[in-house]
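Peer 1: return atomic coordinates for the entry below.
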Amino acid sequence: MSLVTVATVLAVLMLLVSVMLGWLADLKRVGGAVSARETRAAADGDGRTFYTSREDRAEAMRERIRRERRRRERARSASGTRTGSAGPTGRPGPTPGPDRPAAPPVDAPEARHRATLELGPGPGPVSEDALRAAYRRLVVAYHPDRVAGLGDKLQRLAEEETKAINEAYAYFKARLGD
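Peer 2: Have a look, this model is predicted:
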């Protein structure tokens, strides 16, 4: 055999091995699923989300942002009723007494930042562990890199959410540092 023939055979063998290793890696990644339905089922089984198209992913991100905005609005309206003023239902808010302090105003920075970080409207102080956990969870969920290929509008929304999360985190870190 000539040297060219041996080199060609080795190149073909290396290509075949490379293809086989890639195929095995794909099988391992999707758990042996062979169809999109099986892949989605495998991803759903271990808590991951699997999107079959960019449009599915974009719609899921838009829906998550809508749900988050509705949740924040509910948290703001629930924690921000002023004493004697009309609440979100048009009725006066709760009357303060010795056992019930006056609720902070709607635009109070702490209530707004608590809603942003999903820390609840509770009157107690925020612990450093709860703050760190909430920050990491939300930054992972709303980071602009997660929607890098989904269009300018979603990227801007993700940037706004991330800025709000960072601002709320900085606010509570400053308070904890005092």
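
Peer 1: now the strands for this protein?
Peer 2: Assigned strands in the chain: none (criterion: DSSP state E).

Peer 1: how about low-confidence regions in it?
Peer 2: Applying pLDDT under 70 to the chain flags residues 27-52, 79-107, 121-123, 178.

Peer 1: what's the longest helix in it?
Peer 2: Counting by DSSP state H, the longest helix found in the chain is helix 3-30.

Peer 1: check which helices and strands that one is in contact with.
Peer 2: helix 36-45 (3 or more CB pairs under 8 Å, 6 or more residues apart in numbering; DSSP states H and E). Every C-beta, even on glycine, is put in place using the N, C-alpha and C of the backbone.

Peer 1: please parse the chain into its domains.
Peer 2: Here the domain parsing of the chain from automatic domain parsing is 1-50, 53-79+105-178.

Peer 1: which residue sits closest to residue 115, ignoring its sequence neighbours?
Peer 2: residue 75 (3.9 Å; CB to CB, 6 or more residues apart in numbering).

Peer 1: how far away is that neighbour from residue 22?
Peer 2: 47 Å (CB to CB, to the nearest Å).

Peer 1: so these two - more neighbours on which side?
Peer 2: Using other CB atoms under 10 Å, the more surrounded residue of residue 75 and residue 22 is residue 75, with 19 against 10.

Peer 1: I figured the more buried one hits residue 113, correct?
Peer 2: No - checked against CB atoms under 8 Å, the pair residue 75 and residue 113 is beyond contact range at 10.9 Å.

Peer 1: and the residue nearest to residue 141 when sequence neighbours are not counted, how many neighbours?
Peer 2: Of all residues not flanking residue 141 in the chain, residue 64 sits nearest, at 7.4 Å (CB to CB, 6+ apart). Residue 64: 13 surrounding residues under other CB under 10 Å.

Peer 1: how near is residue 64 to residue 6?
Peer 2: 57 Å.

Peer 1: returning to what we had before: pick the most deeply packed of the domains of the chain.
Peer 2: Highest mean neighbour count among the domains of the chain (mean count of other CB atoms under 10 Å): domain 53-79+105-178, with a mean of 15.
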